[in-house]
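S.K.: Pasting the sequence and the predicted coordinates here, then a few questions.
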Amino acid sequence: MENPTDEKLIDPELRGNTLRVYWYMLTQNRPVGVREVQRSIGMSSPSVASHHLSKLESLDLVEKLSDNSYEVGRVVKVGVLRNFMAFRGRFLPRYMFVAIFFTTYTLVYLALCTVASPGLYDRFIALAVGAVGALFAWWESIRLWRLKLQ
């Protein structure tokens, strides 16, 4: 469990381009170099990338290796990162799993309606629950996905 005091100190520092560099490193699952970070994120120069990597190193989030590359030392859930979950090496919005559930629920229900015809009221309630749940969860997932690097 992450120390709450550490999170309070890290949260205001992990913003903007520093957050973008950290996010990039989290998604790579391997050590990255300064120039790779600069090119991938579209920074103006290697020195800007180096500055943000050094900042992450001072926050104890990344480690500098002997070949001058950097790797993630620890994962913290602060700021916008609280809304994402690691799943098979990718960071996905938390609501994406709920969106997939409700979408699957609605599609399976529609398929079952072709086999056995439920009453009109039952059909309306089941479709309304599935559609509203799916729309809400997809809306939140897309909103969080766009918000992740701001």
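M.R.: Received, thanks.

S.K.: how about the helices of the chain, start to end?
M.R.: For the chain, helices defined by DSSP state H occupy the ranges 4-10, 16-28, 34-41, 46-58, 95-115, 120-147.

S.K.: Throw the ones you listed into a markdown table and include distance to residue 78 and mean pLDDT, thanks.
M.R.: Placement of C-beta: from N, CA and C, glycine included. Shown next, in a markdown table, are the helices of the chain (distance: least, Cβ to Cβ, whole Å; pLDDT from 0 to 100):
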| stretch | distance to residue 78 | mean pLDDT |
| --- | --- | --- |
| helix 4-10 | 5 | 67 |
| helix 16-28 | 9 | 86 |
| helix 34-41 | 19 | 92 |
| helix 46-58 | 13 | 92 |
| helix 95-115 | 19 | 85 |
| helix 120-147 | 14 | 83 |
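
S.K.: Go through these and name the closest to residue 67.
M.R.: For residue 67, the closest of the helices of the chain is helix 34-41, at 11.5 Å, according to Cβ to Cβ.

S.K.: closest one to residue 71 among the helices of the chain?
M.R.: Per Cβ to Cβ, nearest to residue 71 of the helices of the chain: helix 16-28, 7.4 Å.

S.K.: re earlier: let me have the helices of the chain in a markdown table, extended by mean neighbour count and distance to residue 77.
M.R.: Formatted as a markdown table, those follow (neighbours: other Cβ atoms under 10 Å; distance: least, Cβ to Cβ, whole Å):
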| stretch | mean neighbour count | distance to residue 77 |
| --- | --- | --- |
| helix 4-10 | 13 | 8 |
| helix 16-28 | 18 | 11 |
| helix 34-41 | 17 | 21 |
| helix 46-58 | 18 | 15 |
| helix 95-115 | 14 | 16 |
| helix 120-147 | 14 | 13 |
